[in-house]
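Visitor: pasting the structure only:
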């Protein structure tokens, strides 16, 4: 039962239990109601610490009224098994909502219900033993009392669950709005962040970092089956919508932070932006988004949590690809005159030569070719580029262009012509070879 209501098959059983009482039992029990209420309240205050608030008269009145209504509702059903239960049910739903609003679990309340039932059963048993109640009603009384207790517990749980869901929804809305404030460009005032963070129950850290990840929908779209929303640590802010997710990591350099987010996002491609001040979240988010785009294209690793700070040069090269294309046309254009596949071999050799401080022996070792082959290719490059190979600025810009092109070069199908490193640099921005 989720909403406290019994099924059609269960309802006759409850009503039958109450119909088994003699008509006069209600009148016989009524005189003892006040004392019984006091006994139950006293036991609850004594044995359950959560309800021991002798100085809080308002709260103790609520406890007393709750016990009284439970017993009065029970007596009403003893008098008439068809008595409307809705008023009592509504009362206990309100109690459940109150427990949720005060941030408590239902453990103490459920314990109070059980304690109240035991006290009531003991008191009624004493009345039977004193010949003040007929003994034959005792078994039926116990059955009816515990069925009544079940309904009160179910109604309380329904109210509690409703309140918790409502609170969780409001809290998530505030936290989602807080993500927007932390990543706003231009940044919002620290006061605005602090105010919303307070209502969102989020301790304001000194620094943050933004994580961007694929969302559960992206995993399902890849044919991997159903994927649940990732569960991130409580202190993190998270929002997952369809194909993507955004996470704010507080004080990301703290112990265990990155390990925690890596574990939460296992199975999803994700990137971690740089650690920034509270008013620079937009920059961390921008870098993380750029990095995730490069992960999807194959220019960055596709496994594990990718940290932007480990790939700053790659992020810089892809920040404005039109500039890289212009650089490639300016410095690598002469290679267009060379036929494929020799053109690609020369481009690969040139990048390796520039990266190895122009050491031919190291180039041969890295490319796994004979040193004589490297020297032959270098002579060809000398013929193609001439004095540019001796210009430090030209060498630096050639290396930038070649590095960017090697990162975004698509995989080559068997028999397909290779991409041209010069004029055709705008093509093939998908993944590394």
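Guide: Cool, got the structure. As the structure is a prediction and not an experimental result, all values here were calculated from the model.
Visitor: buried ones in the strand or helix carrying residue 400?
Guide: Per DSSP states H and E: residue 400 is located in helix 392-408. Residues of helix 392-408 classed as buried: 395, 397-405, 407-408 (neighbour count, 16 or more other CB atoms under 10 Å). Quick note: C-beta positions are derived from backbone N, CA and C, even for glycine.
Visitor: Including distance to residue 107 and pLDDT, could those go into TSV?
Guide: Shown next, in TSV, are the buried residues of helix 392-408 (distance: CB to CB, whole Å; pLDDT from 0 to 100):
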residue	distance to residue 107	pLDDT
395	72	88
397	69	88
398	70	89
399	66	89
400	64	88
401	66	89
402	66	90
403	61	88
404	60	86
405	64	85
407	57	85
408	58	77
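Visitor: Which pair in those residues has the greatest spatial separation?
Guide: 395 and 408 (21.2 Å; CB to CB).
Visitor: What's the first helix or strand after whichever strand or helix holds residue 66?
Guide: Residue 66 belongs to helix 57-79 when assigned by DSSP H and E. Proceeding N to C from helix 57-79, the next assigned helix or strand is helix 86-101, under DSSP H and E.
Visitor: contacting residues around that next one?
Guide: 4, 62, 66, 69-70, 73, 105-106, 109, 151-152, 155-164, 167 (CB atoms under 8 Å, 6 or more residues apart in numbering).
Visitor: Over to stretch 366-379?
Guide: With CB under 8 Å, 6+ apart as the test, stretch 366-379 has contacts from 345-346, 348-349, 352-353, 356, 360-361, 363-364.
Visitor: what secondary structure does the residue sitting furthest away from the middle of the chain sit in?
Guide: What lies farthest from the middle of the chain is residue 131; by CA atoms, centre = their mean that is 61.8 Å. Of the three states, residue 131 takes coil under DSSP: H, G, I helix; E, B strand; the rest coil.
Visitor: Residue 23 versus that one, what's the distance?
Guide: Residue 131 is 19 Å from residue 23, where distance means CB to CB, to the nearest Å.
Visitor: again, but for residue 159
Guide: 34 Å.
Visitor: neighbour-wise, which of these two wins?
Guide: Neighbours were counted for residue 159 and for residue 23 using other CB atoms under 10 Å; residue 159 has more, 25 against 9.
Visitor: quick one: contacts for that one?
Guide: Counting by CB under 8 Å, 6+ apart, residue 159 makes contact with 92-97, 100.
Visitor: Identify, from those, the entry nearest to residue 252.
Guide: Using CB to CB, residue 100 comes nearest to residue 252 of these, at 32.7 Å.
Visitor: Now residue 246: which helix or strand?
Guide: Take DSSP H and E as the rule and residue 246 turns out to sit in strand 244-250.
Visitor: Would you mind listing the outside residues contacting that strand?
Guide: Strand 244-250 has contacts (CB under 8 Å, 6+ apart) with 178-179, 182-183, 202-203, 205, 207-215, 218, 230, 232, 235-239, 257-258, 261, 268, 270, 272, 281, 285.
Visitor: Then stretch 185-192?
Guide: With contact meaning CB under 8 Å, 6+ apart, stretch 185-192 is reached by 181, 278-282.
Visitor: Just send the residues you listed back as a markdown table, with pLDDT, neighbour count and distance to residue 144 too.
Guide: Formatted as a markdown table, the contacts of stretch 185-192 follow (pLDDT from 0 to 100; neighbours: other CB atoms under 10 Å; distance: CB to CB, whole Å):
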| residue | pLDDT | neighbour count | distance to residue 144 |
| --- | --- | --- | --- |
| 181 | 95 | 19 | 56 |
| 278 | 94 | 18 | 60 |
| 279 | 93 | 17 | 64 |
| 280 | 96 | 19 | 66 |
| 281 | 96 | 25 | 60 |
| 282 | 96 | 17 | 64 |
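Visitor: State the next helix or strand along the chain beyond the lengthiest helix in the chain.
Guide: Counting residues, the longest helix found in the chain (DSSP state H) is helix 138-182. Where DSSP H and E defines the elements, the next helix or strand beyond helix 138-182 is helix 190-199.
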